[in-house]
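**Student:** after the sequence you'll find the predicted model.
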Amino acid sequence: MRTHDEATAAPNIYALGDVAADADAPRAMNLLLPHNAVGVIIGKGGVQIAQLKEQSGANVRVSQPKEMIEQTQERIVHLTGTAAQV
């Protein structure tokens, strides 16, 4: 799995600054996941993604199939929360 930043070579603005001092500051991470593997993250009836959200406290959003990156057949998993949650 590659991060969205690795794939697009975009600078990761969330990595800037003193991470220890900003432990409770909002963070975001985008991961690229092959379209055919998204079901593992979501789970049957959304059970896996709900459990992931509950255990981590992070917000987890998986892009819709229509938002898929056509060239790579990947979808974006967007995580938001504190550094510990993400």
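**Tutor:** Yep, it's here.

**Student:** what about the helices in the protein?
**Tutor:** Secondary structure of the chain by DSSP state H: the helices cover 4-8, 38-42, 47-56.

**Student:** go through these and name the closest to Val77.
**Tutor:** When those are compared by CB to CB, helix 38-42 sits nearest Val77, at 6.3 Å. Where C-beta positions appear, they are placed from N, C-alpha and C, glycine not excepted.

**Student:** please list the outside residues in contact with that closest one.
**Tutor:** Identification of contacts with helix 38-42 by CB atoms under 8 Å, 6 or more residues apart in numbering yields 33, 48-49, 52, 60, 62, 75, 77.

**Student:** what mean pLDDT does it get?
**Tutor:** The pLDDT scores in helix 38-42 average 93.

**Student:** out of the helices of the chain, which gets nearest to Lys66?
**Tutor:** Here helix 38-42 is closest among those (CB to CB), at 13.0 Å.

**Student:** closest to Ala23 out of the helices of the chain?
**Tutor:** Taking CB to CB, helix 47-56 is the member of the helices of the chain nearest to Ala23, at 14.9 Å.

**Student:** give me the most central residue, this structure.
**Tutor:** Nearest to the geometric centre of the chain sits His78, at 3.2 Å (CA atoms, centre = their mean).

**Student:** how much space between Asn30 and Gly45?
**Tutor:** Going from Asn30 to Gly45 by CB to CB, to the nearest Å gives 25 Å.

**Student:** still on that earlier bit, out of the contacts of helix 38-42, which are buried?
**Tutor:** The neighbour-count test (16 or more other CB atoms under 10 Å) marks 33, 49, 52, 60, 62, 75, 77 as buried among the contacts of helix 38-42.

**Student:** distance from the chain centre to stretch 61-80, please.
**Tutor:** Mean C-alpha position of stretch 61-80 versus that of the full chain (CA atoms, centre = their mean, to the nearest Å) differs by 10 Å.

**Student:** so, low pLDDT: which residues of the chain?
**Tutor:** Along the chain, segments meeting pLDDT under 70 span 1-21.
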